[in-house]
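Undergrad: build me a structure from this.
(3 chains)
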Amino acid sequence: MIKYKIVGDEMKEQSYILENSTSFEPEQIFECGQCFRWQREEDRSYTGVFGRNVINVKKEKNKIIFTGICEKDIKELCWSYFDLERDYEAMKKVLKQVDKTMLDSISYGSGIRLLNQDIWETLISFIISANNNIPRIKKIIENLARTYGNPIKWKDKTYYTFPTPKQLEHVTTLEFRKLGLGFRDKYIENVTKKILHNEISFEELSKIKETEKLREKLMQFNGVGEKVADCVLLFSTLKRLDVFPIDVWVRRVMQELYFPEADEKSVDKKQIKKMAEIKFRNLSGLAQQYLFYWRRAA
DNA sequence: CTGCAGGGGTAAA
DNA sequence: TTTACCCCTGCA
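TA: Take a look at the predicted model:
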């Protein structure tokens, strides 16, 4: 049995304040379905773990306050993770001109940003999301982290890092099953093995330029179909803003909007993707997120 | 109280 | 193209 040291006491708390923030609403960023490990606090701020960092994000007027314990400079980490380089105002301006619904959905979720999450974590998380509901997805991921990740202490609470492939190396199917993974247990096992045996590496994946090729590679993992692959492409550091993941909600809203005559299920994914490309072009993925967040709240 | 549908899909038939 | 799948929750 491996013992992990609690690193929290050795790391200093840091903070960073982003002034005059635009397109940054913690609730929208963390509740729009792209991530599973951010928890809402009593004061409406959010605390989460990414990499070996625990960070709290709080919005006060137009300031965003990031506080936490980090391995590296907190500002650098946040700029990368929260995609702060990208000009969301400019992208929203373009999408708003598509049609009235886009305009409405952007007004509703105007503070959404697409996170640059770790590819491995995003991959595992969305494999778990298959035919599953959000509360249970979150529960399973926390079970995984608590059981196999490293503890980090901060302010009298213990947080856990997302387990690395190495940390899942000797976990049996049965042990995964006990954590509530269900039929997905063998998928997680398969992905872990493929990574550890170097059949596919994330470094290699990151180098692939062509999105189609990258999607194909991702779909070689057991448990990864088109939807999961698209989510990884959009929500991780792979960051393909033009991919359009279609889940039940997105299918619903797209049919209502652009295929009002058709009855349920008669419009296939290919048609919907084609329509998204026509309407939203290279910003399809971002548009998908506004639509998803807006339609789900309705 | 029991039964059943359905959930941010995928693999296998 | 259709169907089973772990497990949990909501609702009839």
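
Undergrad: can we go C-alpha only for contacts and neighbour counts from here?
TA: OK.

Undergrad: give me the neighbour count for the residue of chain A found nearest DNA strand B.
TA: In chain A, no residue comes nearer to DNA strand B than residue A:33, which is 2.1 Å away by CA to the nearest atom of the strand. Burial of residue A:33 is recorded as 13 neighbouring residues (other CA atoms under 10 Å).

Undergrad: which parts of the stretch 151-298 of chain A sit against DNA strand C?
TA: By CA under 7 Å from any atom of the strand, the residues of the stretch 151-298 of chain A that approach DNA strand C are A:177-178, A:180-183.

Undergrad: between which two of these is the distance greatest?
TA: A:178 and A:183 (11.1 Å; CA to CA).

Undergrad: next helix or strand past the helix or strand of chain A with the lowest mean pLDDT?
TA: Of all the helices and strands that make up chain A, the one with the lowest confidence by mean pLDDT, DSSP states H and E is helix A:248-258; it has a mean of 90. Sequence-wise, the next helix or strand downstream of helix A:248-258 (DSSP states H and E) is helix A:269-280.

Undergrad: and that following helix, what does it pack onto?
TA: helix A:248-258, helix A:284-297 (3 or more CA pairs under 8 Å, 6 or more residues apart in numbering; DSSP states H and E).

Undergrad: tell me the phi and psi of residue A:130?
TA: When quoted as degrees, to the nearest 10, the phi and psi of residue A:130 stand at phi -60, psi 130.

Undergrad: tell me who's in contact with it.
TA: Contact partners of residue A:130, counting by CA atoms under 8 Å, 6 or more residues apart in numbering, are residue A:228.

Undergrad: let's see the pLDDT reported for it.
TA: According to the prediction, residue A:130 has pLDDT 96.

Undergrad: ok, it to DNA strand C distance?
TA: From residue A:130 over to DNA strand C the distance is 8 Å, taken as CA to the nearest atom of the strand, to the nearest Å.

Undergrad: same deal with residue A:38?
TA: The span separating residue A:38 from DNA strand C equals 19 Å under the rule CA to the nearest atom of the strand.

Undergrad: quick one on the thing from earlier: in a markdown table: the helices and strands packed on helix A:269-280, plus mean neighbour count.
TA: As requested, those are exported to a markdown table (neighbours: other CA atoms under 10 Å):
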| stretch | mean neighbour count |
| --- | --- |
| helix A:248-258 | 16 |
| helix A:284-297 | 22 |
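
Undergrad: is it true that residue A:65 lies in a strand?
TA: Yes - secondary structure of residue A:65, determined by DSSP: H, G, I helix; E, B strand; the rest coil: located in a strand.
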